[in-house]
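**Student:** Following is a predicted model, sequence given first.
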Amino acid sequence: MAKAMDILVADLVAEGLVIGTDWLTGGGRPLLETPLPFGPDVELRPELVRRVLGAFAALPQLIGEWAGQPFLLLDWQVRYLIAPVFGIVYRDTGYRVIRTTWLEIPRKNGKSTLCSGLALYLFAGDGEAGAQVYAAAGDRSQAGVVFGPCRDMAAGSPVLAGRLGAGIRRHYLEDARTGSILRGLSSDGARQHGLNIHGAIVDEVHVHKTPDLIDALETGTGSRRQPLVVFITTADEGRDGSVYNTKREYLDGVAAGTIDARTFYGVLFGADQTAEGFDPFDPATIFAANPGHGITVLDDYLLAAADEARQSPSQLNRYLRLHLNIRTKQSVRWLPLDRWDAAAGTLDLATAFAGRVTYGGLDLSATTDLTAFAFVTPIPPEDRPDLDAPDEVLDDDPADDEAPTLVRVAAGLGYYVHVLHWLPEEAVDELERRTNAPLRRWYEAGWLRLTEGNVVDYAQVRRDIHNEAAAIGANLAEVAFDPWNATETVNELTNEGLTMVPLRQGYASLSAPAKELERLVMGSTVDLPLLVHGGNPLLRWQADNIEVITDPGGNIKPTKPDRRKSTKRIDGLAATVNALARAMLRPPPKKKRRAVGF
């Protein structure tokens, strides 16, 4: 069967019905493919494959360089989706054998556009009277990502536009002649039971939080002769018990032969991280994982993404998952210790902060754990006379000197960082036992402060902050803090004269300062440290502990461990990130405009 499909696809490319790719002709293969249906009762019918291709060709491409041209599929899409799913049928009835298919592939390989074309074919080209077809996704906006192009393709196709007429609606398509409908469907699956489904396209399985919608779709196909549910997705972060994980385990079982499922077909494109000498940044690895490279996703884009991940540990997992389709943990170890050590420099507290505007970051712990306060000040040009200072930012309105807008400016020379840590005296031994960190030794060396009793004495914390600021001569401009459970302490510090600024601990607030911390550490050398922390051993321990999580938009934030389950602590670095959030928004110096003569 596989050989017959190879021959068929080659013929279709030669006839100009399918676009040939270097990936397939160069020996590209999926990382995983389940067994094809075989036996004397099934056969491959090329005319059915041609029918699907003809229907696609009647649709217009919508975006990019292909906009306005007929929708021609790529050879690998036909070989590993269209031909197996639509071409393999029962010999006696002609009905499709495959009723569920799984296509897992890295991002930007034409997945969503392919979803839209498949949905339109099942709706209008499959010969099913009263077909109910759904573009299903984890939320309403993602469902619209698939349905929107369906609507636009239908409106742009002379054949479909003439056939559907007023049936092309904003939120659904309706064919009055056959009684068929196509609409988007989001994940409120509990209310979707009772559907009579001919076709469903489930996009991005990894974002579905519950199985309700998928269960409703799969159980809604029972009265159809040849229903088809298509899952098209990218890998998830490796979460156990997720909807994606359950489906992926089923796919692996079918591929391994431990599950016998003739009506299920799955194919997975990605990089083989178990291969000898695996290098995620090697162009050969990247292109092998992306069958659409050079066509649906530009090679330069993929290589740039690899280069960014090579230089930024926080982006590595995102790169592996989205561009190589490798399942990853949600969090990733962040700061390499060799780079952290290179950043240490020499921190002279007698001069580093003296008379300089300084920004504070407060991380209040649970009452029996570490509390931390960070002093952060930009390194001024006079401390690095051999280096050029960052360019000044021109104030757009020099006449307005009363309330200058805070403007983000580059910290090209880096920052001095000084962090205080506190623990309750009676909690030290237990926490030392649980974490294996030499807390008593750090206390004796002066890196850790202890408060009396079995809970943190926040009054002492406040006193120590004021006393330390006075001792090092720091002019504390602002102190950023996590507002959760901090009201009383923050009110006291405000009453004592500090400017306290709440900083929510979400991606929007933390991504920029976290990326700045990463830049400082990764860009440091022994000769030019950019995050001068003086080798604080508590911070080094936390640098070895800290992880980050990344959202779909590439934003990052440090992740705090569950203290009941983890021995890791990151409080001092969390305080540092908080302080950087304000230091990065300091008022820039102004340049005076000069008249220009002619």
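**Tutor:** Nice, I can see it. Numbers count the residues shown, from 1 in each chain.

**Student:** now for the biggest strand by length in the chain, which elements pack on it?
**Tutor:** Taking DSSP state E as the criterion, the chain has its longest strand at strand 415-424. On a contact count with 3 or more Cβ pairs under 8 Å, 6 or more residues apart in numbering; DSSP states H and E, strand 415-424 meets helix 349-352, strand 371-378, strand 449-451, helix 458-472, strand 531-532, helix 537-545, helix 571-583. For every residue, glycine as well, the C-beta is placed using N, CA and C.

**Student:** JSON lines please, covering these and showing distance to Pro283.
**Tutor:** As requested, these are arranged in JSON lines below (distance: least, Cβ to Cβ, whole Å):
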{"stretch": "helix 349-352", "distance to Pro283": "45"}
{"stretch": "strand 371-378", "distance to Pro283": "39"}
{"stretch": "strand 449-451", "distance to Pro283": "52"}
{"stretch": "helix 458-472", "distance to Pro283": "50"}
{"stretch": "strand 531-532", "distance to Pro283": "33"}
{"stretch": "helix 537-545", "distance to Pro283": "32"}
{"stretch": "helix 571-583", "distance to Pro283": "35"}
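
**Student:** For Lys111, which of the ones you listed is the nearest?
**Tutor:** helix 571-583 (34.8 Å; Cβ to Cβ).

**Student:** I'd like the distance from the closest one to the chain centre, please.
**Tutor:** 23 Å (Cα atoms, centre = their mean, to the nearest Å).

**Student:** would you put the C-alpha positions of that helix in PDB?
**Tutor:** Listed next in PDB are the C-alpha coordinates belonging to helix 571-583 (Å, rounded to 0.1, in the frame of the first residue of the first chain):
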ATOM      1  CA  ASP A 571      13.400  34.300  46.500                       C
ATOM      2  CA  GLY A 572      16.500  36.500  46.000                       C
ATOM      3  CA  LEU A 573      16.300  36.200  42.200                       C
ATOM      4  CA  ALA A 574      12.600  36.900  42.300                       C
ATOM      5  CA  ALA A 575      13.400  40.100  44.300                       C
ATOM      6  CA  THR A 576      16.000  41.000  41.700                       C
ATOM      7  CA  VAL A 577      13.600  40.600  38.800                       C
ATOM      8  CA  ASN A 578      11.100  42.800  40.700                       C
ATOM      9  CA  ALA A 579      13.800  45.500  41.100                       C
ATOM     10  CA  LEU A 580      14.900  45.300  37.500                       C
ATOM     11  CA  ALA A 581      11.300  45.900  36.400                       C
ATOM     12  CA  ARG A 582      11.600  49.400  37.900                       C
ATOM     13  CA  ALA A 583      15.300  50.100  37.000                       C
END
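
**Student:** Going by contacts, tell me the helices and strands next to that helix.
**Tutor:** Using 3+ Cβ pairs under 8 Å, 6+ apart, helix 571-583 sits against strand 357-363, strand 371-378, strand 415-424, strand 475-481, helix 507-522, helix 537-545, strand 556-559.

**Student:** buried ones in the last one?
**Tutor:** By neighbour count with 16 or more other Cβ atoms under 10 Å, strand 556-559 contains the buried residues Ile556, Lys557, Pro558, Thr559.

**Student:** Mean pLDDT lowest where, among the helices and strands packed on strand 415-424?
**Tutor:** When these are compared on mean pLDDT, helix 537-545 scores lowest, with a mean of 90.

**Student:** Which is the succeeding secondary structure element to the lowest-mean-pLDDT helix or strand in the chain?
**Tutor:** Across the helices and strands of the chain, mean pLDDT, DSSP states H and E gives its lowest value to strand 331-333, namely a mean of 64. Going down the chain from strand 331-333, the next helix or strand is helix 337-342, by DSSP states H and E.

**Student:** what distance separates the longest strand of the chain from the centre of its chain?
**Tutor:** 31 Å.

**Student:** Quick check: neighbours of it in the sheet, parallel or antiparallel?
**Tutor:** Here strand 415-424 is paired, per DSSP bridges, with strand 371-378 (antiparallel), strand 449-451 (parallel), strand 531-532 (parallel).

**Student:** Including mean neighbour count, could those strands go into JSON lines?
**Tutor:** As requested, these are exported to JSON lines (neighbours: other Cβ atoms under 10 Å):
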{"stretch": "strand 371-378", "mean neighbour count": "26"}
{"stretch": "strand 449-451", "mean neighbour count": "18"}
{"stretch": "strand 531-532", "mean neighbour count": "26"}
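
**Student:** circling back to that earlier point, packing partners of the following helix or strand past the longest strand of the chain?
**Tutor:** Sequence-wise, the next helix or strand downstream of strand 415-424 (DSSP H and E) is helix 428-435. Judged by 3+ Cβ pairs under 8 Å, 6+ apart, helix 428-435 is in contact with helix 439-444.

**Student:** Can you report how many residues lie near Leu439?
**Tutor:** Using other Cβ atoms under 10 Å, Leu439 is surrounded by 23 other residues.

**Student:** ugh, wrong one, I meant Ala155
**Tutor:** Count around Ala155 with other Cβ under 10 Å applied: 13.

**Student:** domains for this protein, by residue range?
**Tutor:** 2-268, 283-329, 337-387+394-583 (automatic domain parsing).

**Student:** a markdown table please, covering the ones you listed and showing distance to Thr274.
**Tutor:** Formatted as a markdown table, these follow (distance: least, Cβ to Cβ, whole Å):
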| stretch | distance to Thr274 |
| --- | --- |
| domain 2-268 | 10 |
| domain 283-329 | 10 |
| domain 337-387+394-583 | 24 |
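
**Student:** out of the ones you listed, which comes closest to Gly277?
**Tutor:** Nearest of the domains of the chain (Cβ to Cβ): domain 283-329, 9.8 Å.

**Student:** pLDDT on the closest one, on average?
**Tutor:** Here the average pLDDT along domain 283-329 is 91.
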